[in-house]
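Chemist: Below are the sequence and a predicted model for it; my questions follow.
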Amino acid sequence: MSWTLENTYAKLPKIFFREQKPEKMPTPTLVTFNEELAKMLGLDLTEASPEIFAGVKLPPGSKPIAQAYAGYQFGHFAMLGDGRAVLLGEQITPKGERFDIQLKGSGRTNFSRNGDGYAALSPMLREYIISEAMYSLGIPTTRSLAVVLTGKEVVREKILQGAVLTRVASSHIRVGTFNYISAFGTPENTRTLADYTIARHFPEIENAENKYVLFLREVATQQARLIAKWQCVGFIHGVMNTDNMAISGETIDFGPCAFMDAYDPAAVFSSIDTEGRYSYENQPKMGAWNLSRFAESLLPLLHENEDKAVEIAENEIEIYWRNYNEFWQSNMRAKLGIAEECETEIFAELLDLMAAHKLDYTKTFREFPAVPEPLAEWQQKWQTRFTCVPKNNPAVIPRNHRVEEALLAAERGDFSVMHKFLTALRQPFNDSPEYSQPPPKNFCNYRTFCGT
């Protein structure tokens with residue numbers, strides 16, 4: 001394969017990572033390979049090697065490391081790091097773009113704590129399916145290059161098939177990376193990480209006089225744009241800890257995530273989110289909370305006077321909220337075909353009716369303006385405002401019952417169900433009689449799990 005790996009992150013001070021080779025897996029077998037993504041990366045499609053994607057062989061230029069980071073998990077600070085993942089390096093594409101290549105599920109690292117470092121097949125395929133669906137929906141996301149079976153058993157509640165996912169990201173720098181350096185490093189370490197991240201993701205502000213304030217603003221703006229997009233397709237991340245918020249503004253870590261069927265603002269699918277902290281309606285608020293923790297990590301860089309630095313940070317969080325509301329309203333206007341700014345109650349009334357009557361989120365917007373009976377009065381009230389364009393509303397999303405259908409078949413060795421589903425997901429705005437329909441009525445009380 002045409003590897004052009006560089007290792008700029010591995011040139012940072014040692015506090016940021018640990019050198020870590022992936023474990024040798026016994027019998028790697030390729031399950032799925034993303035040819036379109038491989039071409040974009042500049043890789044040779046004829047040499048898709050399960051040995052490389054399992055970490056048995058390393059591509060030329062690799063310098064495998066496990067990245068250090070912390071995280072506020074459900075509000076509580078914890079030291080974390082790549083406990084089951086290894087960054088091989090940064091692939092330089094034919095267009096000169098830089099992407100991390102990471103193996104997830106490749107064995108224990110210095111950050112594994114009590115974990116075994118492995119991943120099971122289903123969670124890795126879930127990430128592959130949903131990350132590719134997000135990409136096709138036009139939502140910033142990490143992507144999946146390959147999944148391989150390792151031939152190694154993974155012990156969870158039962159014995160499962162081990163697998164490794166090859167994840168591709170603009171970078172794996174997280175809010176939690178800054179939380180870690182702020183807690184265990186020095187202010188100079190924080191400056192080093194900020195300078196590196198700015199050069200990599202926001203080079204246009206690199207020479208600005210107030211570049212660290214602009215850095216906070218850029219990250220907050222990217223998160224506002226991302227979460228607004230999540231809300232407008234009914235996506236629930238499920239575990240919005242600071243270690244799962246990428247500085248690049250990409251969706252990362254598809255553990256207990258799900259897409260809503262019937263609209264419910266309080267929807268939670270994650271089995272571990274018993275209090276609803278990361279419910280659908282709370283996601284914008286949790287974005288602000290995470291950004292506040294990010295701002296705290298940057299305080300020494302924002303201003304030499306701590307009170308002034310706090311004032312700057314608080315102002316930037318207010319800007320986040322203004323940006324989020326603008327992005328969300330713009331997206332909703334596009335979903336309803338409204339060309340001009342309008343009163344926000346038009347959206348609030350619609351969503352309240354959808355919640356009250358348990359209307360399917362995706363189907364309602366896709367079939368609008370042929371609205372169901374509960375929306376008839378609302379439509380009459382606002383009918384002069386909208387001319388809905390179906391292309392702004394997906395027909396196909398990774399509905400939970402279809403995801404489970406694909407994963408169960410894969411566990412039995414039948415990957416054709418998943419590949420057929422992926423074909424439909426890659427054209428989400430095309431009608432599909434098979435994949436556009438809501439789940440059967442007996443599919444209820446759905447719960448998702450972290451996979452670790």
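Modeler: That came in fine, so what should we check first? Numbering: from 1, shown residues only.
Chemist: dump the residue contacts of the closest residue to Thr27 other than its chain neighbours.
Modeler: Leaving aside its chain neighbours, Thr27 sits nearest to Gly151 (3.1 Å; criterion: C-beta to C-beta, 6 or more residues apart in numbering). For the C-beta atoms, the positions are set from N, CA and C on the backbone; glycine is no exception. By C-beta atoms under 8 Å, 6 or more residues apart in numbering, Gly151 lies in contact with Met25, Pro26, Thr27, Pro28, Thr29, Gly162.
Chemist: among these, which ones are buried?
Modeler: Met25, Pro28, Gly162 (16 or more other C-beta atoms under 10 Å).
Chemist: These in helices, which ones?
Modeler: Nothing among these maps onto helices, per DSSP state H.
Chemist: quick one: which of the residues you listed is nearest Tyr196?
Modeler: Met25 (31.7 Å; C-beta to C-beta).
Chemist: Can you check what pLDDT the model gives the closest residue to Gln329 other than its chain neighbours?
Modeler: Leaving aside its sequence neighbours, Gln329 sits nearest to Thr344 (C-beta to C-beta, 6+ apart; 6.6 Å). pLDDT, Thr344: 87.
Chemist: what do you get for Ala339?
Modeler: Ala339 is assigned 80 on the pLDDT scale.
Chemist: And what about it, helix, strand or coil?
Modeler: At Ala339, secondary structure determined by DSSP: H, G, I helix; E, B strand; the rest coil is coil.
Chemist: What of Leu87?
Modeler: Recorded secondary structure, Leu87: strand (three-state DSSP).
Chemist: give me the beta-bridge partners of it?
Modeler: Beta-bridge partners recorded for Leu87 (DSSP bridges): Ile65, Gln102.
Chemist: My guess is Glu35 contacts Thr46. True?
Modeler: No - using C-beta atoms under 8 Å as the test, Glu35 is too far from Thr46 to be in contact (10.6 Å).
Chemist: returning to what we had before: just give the number of residues close to the residue nearest to Gln329.
Modeler: Residues lying near Thr344 (other C-beta atoms under 10 Å) number 12.
Chemist: what residues are up against the nearest residue to Lys391 once chain neighbours are set aside?
Modeler: Excluding its sequence neighbours, the residue lying closest to Lys391 (C-beta to C-beta, 6+ apart) is Phe429, at 5.3 Å. Going by C-beta under 8 Å, 6+ apart, Phe429 touches Pro390, Lys391, Asn393, Pro394, Ala395.
Chemist: where in the stretch 201-350 of the chain is pLDDT low?
Modeler: In the prediction, the stretch 201-350 of the chain carries no residues with pLDDT under 70.
Chemist: all helices for it, in order.
Modeler: Remark: helices assigned in the stretch 201-350 of the chain by DSSP state H, counting those that start in this stretch are 211-233, 283-302, 306-336, 345-356.
Chemist: With Ser416 as the reference, measure out to the closest residue to Gln223 other than its chain neighbours.
Modeler: Excluding its sequence neighbours, the residue lying closest to Gln223 (C-beta to C-beta, 6+ apart) is Gly287, at 5.1 Å. Distance from Gly287 to Ser416, counting by C-beta to C-beta, to the nearest Å: 38 Å.
Chemist: And Phe184, by the same measure?
Modeler: The value you get for Phe184 to Ser416, if C-beta to C-beta is used, is 48 Å.
Chemist: do Phe368 as well
Modeler: Phe368 is 34 Å from Ser416, by C-beta to C-beta.
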